[in-house]
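[1] Starting from these lines, generate the structure:
(2 chains)
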Amino acid sequence: QKEVEQNSGPLSVPEGAIASLNCTYSDRGSQSFFWYRQYSGKSPELIMFIYSNGDKEDGRFTAQLNKASQYVSLLIRDSQPSDSATYLCAGDSGGGADGLTFGKGTHLIIQP
Amino acid sequence: GAGVSQSPSNKVTEKGKDVELRCDPISGHTALYWYRQRLGQGLEFLIYFQGNSAPDKSGLPSDRFSAERTGESVSTLTIQRTQQEDSAVYLCASSFVRAVVGNTIYFGEGSWLTVV
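    As a prediction, the model looks like this:
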């Protein structure tokens, strides 16, 4: 059973601080990992994807992947109240054919 | 179209009735996915279509659920004899190919189903 695990939170971070979201996965065959942001009542929207070990930066967002330890993280610098949402981590199925396996998401609250 | 389009956006139905949910993927996307998300829960994979290949139905929760897609066009998810536990948002997504390195999936706004 492929699993992607996230702490459901809520994770509360003061405005301007760094928010750190973590995710672990069970399927060593997974190659690509995705972070989606989902506002309440809305559909998920892609933030970033990563497939190489190390860091990938895009604006205030940095995704980190460690395949040996099977974890993925997302850092949000200079957190804004508009970053308050649920963040979904997802991994692909490697050689499988079932799309992405999603974690249950971490609810992030940025305190003004 | 510019994005994944789903209809209806909201549906309230009586227990035991059948419902059909429609998804129109992004033009040119060969892969299409259906996910279910119950209130406050994560995304649950239901079914995946890739081009003209046989669909991956491994996520369908029961035989009351079925889905069709003709070629690389519109897909319909059908739920027969709806039950209250079917209440959820049903999200459709599409991508150029199955999610591999760098190929991301894009979601529609969802069809919110309430069974009363």
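[2] and the lowest-mean-pLDDT helix or strand in chain A, what other elements does it pack with?
    Every helix and strand of chain A was ranked by mean pLDDT, DSSP states H and E. The lowest is strand A:100-102, at a mean of 84. If contacts are counted by 3 or more C-beta pairs under 8 Å, 6 or more residues apart in numbering or on different chains; DSSP states H and E, strand A:100-102 sits against strand A:85-92, strand B:43-50. In short, each C-beta sits where N, CA and C put it, glycine included.
[3] what would those look like in TSV with distance to residue A:49?
    Putting the helices and strands packed on strand A:100-102 into TSV (distance: least, C-beta to C-beta, whole Å) gives the following:
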stretch	distance to residue A:49
strand A:85-92	9
strand B:43-50	16
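[4] Just the local confidence number for residue B:56, please.
    pLDDT, residue B:56: 84.
[5] in the sheet, who's paired with the spatially closest residue to it that is not a sequence neighbour?
    In space, and not counting its chain neighbours, residue B:56 is closest to residue B:48: 4.3 Å by C-beta to C-beta, 6 or more residues apart in numbering or on different chains. Assessed by DSSP bridges, residue B:48 has beta-bridge partners residue B:33, residue B:56.
[6] Could you verify my assumption that residue B:48 touches residue B:67?
    No: using C-beta atoms under 8 Å, residue B:48 is not in contact with residue B:67, being 9.5 Å away.
[7] In terms of neighbours, single out the busier of those two.
    residue B:48 (27 against 21; other C-beta atoms under 10 Å in any protein chain shown).
[8] For the closest residue to chain B within chain A, give me phi and psi.
    For chain A and chain B, the shortest gap (C-beta to the nearest C-beta) falls at residue A:104, measuring 3.4 Å. Note on residue A:104: backbone dihedrals following degrees, to the nearest 10 are phi -80, psi -10.
[9] shouldn't it be in contact with residue B:42?
    Yes: counting by C-beta under 8 Å, residue B:42 is a contact partner of residue A:104 at 3.4 Å.
[10] joint contacts of these two?
    Residues touching both residue A:104 and residue B:42 (C-beta atoms under 8 Å, 6 or more residues apart in numbering or on different chains): residue A:88.
[11] Tell me the pLDDT of the residue nearest to residue B:56.
    Per-residue pLDDT puts residue B:48 at 89.
[12] How about residue B:10?
    Confidence at residue B:10, expressed as pLDDT, is 96.
[13] Enumerate every residue touching it.
    B:111-112, B:114.
[14] What of residue B:30?
    Counting by C-beta under 8 Å, 6+ apart, residue B:30 touches B:50-51, B:72, B:95-97.
[15] can you count the residues close to residue 45?
    Using chain A here. Around residue A:45 there are 13 other residues, counting by other C-beta under 10 Å.
[16] Chain B, not that one
    A count of nearby residues for residue B:45, using other C-beta under 10 Å, gives 20.
[17] Who's the closest spatial neighbour of it, skipping the chain neighbours?
    Spatial nearest neighbour of residue B:45, chain neighbours left out: residue B:59 (4.0 Å); criterion: C-beta to C-beta, 6+ apart.
[18] what ranges do the helices span in chain A?
    Read by DSSP state H, chain A holds no helices at all.
[19] Low-confidence stretches in it?
    For chain A, the stretches flagged by pLDDT under 70 are A:1, A:93-99.
[20] quick one: secondary structure of residue B:85?
    With DSSP: H, G, I helix; E, B strand; the rest coil as the basis, residue B:85 sits in helix.
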